[in-house]
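Asker: Return atomic coordinates for the entry below.
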Amino acid sequence: MALTKNDIVTRVHELGFTKKKSVEIIESLLEIIKSTLEKSEDVLISGFGKFCVKHKKQRRGRNPATGADLMLKERKVVTFKCSGKLRDKIDGNE
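Answerer: You can find the predicted model right below:
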């Protein structure tokens, strides 16, 4: 099961913040991350990982349902690379 924004708000609330303040904290954090990525800047969270905006060039693609060739537009995508500490924790190598 995925961790939702509501789950995160609940966990912050359990730290002693009011429910309203918990929502404000999480919403503010997410807005800061979104606005930073929107400016094509990286977001580095030490011990967690790095969100990067990558530029994808226009390329030829194929519709898997019909097999028809098409051109995919130039676009930006967000990638995430986890830190070594997080990778070790996930692998159980703490």
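
Asker: which residues of the protein fall in strands?
Answerer: Using DSSP state E, the strands assigned to the chain run over residues 43-45, 49-56, 59-62, 69-72, 75-82.

Asker: Ok, which of those comes nearest residue 92?
Answerer: Closest to residue 92 of those is strand 75-82 (CB to CB; 14.5 Å). (Glycine included, C-beta is placed from N, CA and C.)

Asker: Show me what the mean pLDDT comes to for that closest one.
Answerer: Confidence over strand 75-82 (mean pLDDT, whole number) is 96.

Asker: hang on, the earlier thing: can you list the strands of the chain in JSON lines and add mean neighbour count and distance to residue 27?
Answerer: Converted to JSON lines, the strands of the chain look like this (neighbours: other CB atoms under 10 Å; distance: least, CB to CB, whole Å):
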{"stretch": "strand 43-45", "mean neighbour count": "13", "distance to residue 27": "16"}
{"stretch": "strand 49-56", "mean neighbour count": "14", "distance to residue 27": "18"}
{"stretch": "strand 59-62", "mean neighbour count": "10", "distance to residue 27": "36"}
{"stretch": "strand 69-72", "mean neighbour count": "10", "distance to residue 27": "33"}
{"stretch": "strand 75-82", "mean neighbour count": "11", "distance to residue 27": "19"}
